[in-house]
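**Student:** Here's my sequence, what's the structure:
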Amino acid sequence: MAAAETVGVLRMSTRTVESVGGLRRVGPTQRMLNIVLYIFMIVLGVLFVIPLLWMVGASLKEEGHVLSTPPTLFPLHPQWSNYGQVLALIPRFFYNSVKLAFINVVGVLAVSALAGFAFGRLRFPGRNVLFVILLATAMIPGVAYLIPQYIIFERIGWVDTQLPLWVPRVFTPVFATFLMRQYFVSLPQELEDAARVDGAGTFAVFWRILLPETKPALGAIAIFTFLDSWNDLLGPLIYINSRELQTLPVALAQFQNEYFSEITLLMAGATIAVLPVILVYLAAQRQFIRGITLTGINR
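**Tutor:** As a prediction, the model looks like this:
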């Protein structure tokens with residue numbers, strides 16, 4: 001009997017290997033299509049990278065050499081002093097942007113994780129109706145409630161403070177809640193059942209069992225929230241009047257008006273603004289891709 005089972009297992013293994021080998025066999029037409037696709041993606045990637053490289057190269061050139069002919073991507077003698085001049089002008093703005101991005105990321109992760117767990121794993125009356133209403137609010141464009149929102153913030157004394165730049169974003173994370181809810185729904189029920197058998201309460205199930213499994217979704221939400229906060233130009237322009245409370249995008253816009261003829265300084269400022277975004281994405285790109293991919297799975 002054992003021998004028969006062994007033979008059966010070997011046959012199944014052989015079929016599996018043959019099927020996998022069959023999947024790896026690619027015909028000449030498909031191989032040609034793959035080559036064309038790879039070439040297209042490489043060309044597209046180069047087209048996207050060239051402006052970024054030109055920006056970095058221009059930020060290191062001397063004034064007047066940016067548009068010289070023949071054109072060069074990077075100078076032989078980099079002018080690092082350009083970055084020193086820019087950093088001397090925007091340290092406070094950079095700090096404000098980092099602080100707001102940190103508050104937004106931490107707050108959105110906390111609120112969306114709790115809300116996603118409630119909508120995805122808890123059972124209470126009206127759960128699906130509330131979730132549909134929450135998603136419906138995402139279809140309202142921001143400009144539709146911009147004036148009423150400003151009036152409310154002005155009457156409660158929030159204008160010329162940084163509260164309007166993080167309170168609405170932290171406590172109304174519709175997209176982040178949707179991602180977390182989808183991820184919690186995709187987790188197997190056996191994890192929760194086993195924890196409850198061991199005596200874990202609702203919060204223990206959330207904190208110790210399910211939340212660690214949602215790291216990909218949390219990484220994706222962190223990147224989205226950071227980009228949204230870091231690139232926010234409209235909010236600071238509307239709600240903040242004091243210069244010491246302004247953020248980096250506003251400072252760069254003002255910097256462009258004041259130093260419009262000094263391209264090297266403008267490119268140095270743009271490079272400083274883009275660098276944190278690139279670093280955050282490179283640090284969390286694996287979690288970002290997994291989070292976006294797996295949140296669409298519903299077991």
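**Student:** Test my guess that Arg119 contacts Val132.
**Tutor:** Slight slip there: residue 119 is Phe, not Arg. No. Between Phe119 and Val132 there is no contact under CB atoms under 8 Å: 10.4 Å. No exception for glycine: its C-beta is placed from N, CA and C like everyone else's.
**Student:** Neighbour count for these two, which is higher?
**Tutor:** Phe119 (21 against 9; other CB atoms under 10 Å).
**Student:** ok, and the closest non-adjacent residue to that one?
**Tutor:** Arg181 (4.4 Å; CB to CB, 6 or more residues apart in numbering).
**Student:** Just the pLDDT for the one you found.
**Tutor:** The per-residue pLDDT reported for Arg181 equals 94.
**Student:** Sticking with it, tell me its helix or strand.
**Tutor:** helix 174-186 (DSSP states H and E).
**Student:** List the buried residues in that helix.
**Tutor:** Val174, Phe175, Ala176, Thr177, Phe178, Leu179, Met180, Arg181, Gln182, Tyr183, Phe184, Ser186 (16 or more other CB atoms under 10 Å).
**Student:** Which members of those residues define the maximum pairwise distance?
**Tutor:** Val174 and Ser186 (19.1 Å; CB to CB).
**Student:** and the host helix or strand of Ala136, what other elements does it pack with?
**Tutor:** Here Ala136 is covered by helix 127-137, with elements defined by DSSP H and E. Applying 3 or more CB pairs under 8 Å, 6 or more residues apart in numbering; DSSP states H and E, one finds that helix 127-137 contacts helix 91-121, helix 174-186.
**Student:** so what secondary structure elements neighbour the longest one?
**Tutor:** Where contact means 3+ CB pairs under 8 Å, 6+ apart, helix 91-121 is packed against helix 127-137, helix 167-171, helix 174-186, helix 215-230, helix 248-258.
**Student:** Give me the pLDDT value at Thr14.
**Tutor:** 41.
**Student:** Gln149: how many residues sit nearby?
**Tutor:** 15.
**Student:** Same check on Pro91?
**Tutor:** 11.
**Student:** what does the one 5 residues further on give?
**Tutor:** Residues within reach of Asn96, counting by other CB under 10 Å, total 22.
**Student:** Model confidence for it, exactly?
**Tutor:** 95.
**Student:** Contact partners for the closest residue in space to it that isn't next to it in sequence?
**Tutor:** Nearest non-adjacent residue to Asn96, counting by CB to CB, 6+ apart: Thr247, 5.0 Å away. When contacts are counted by CB atoms under 8 Å, 6 or more residues apart in numbering, Thr247 touches Phe93, Asn96, Ser97, Leu100, Leu165, Asp232, Pro236, Ile240.
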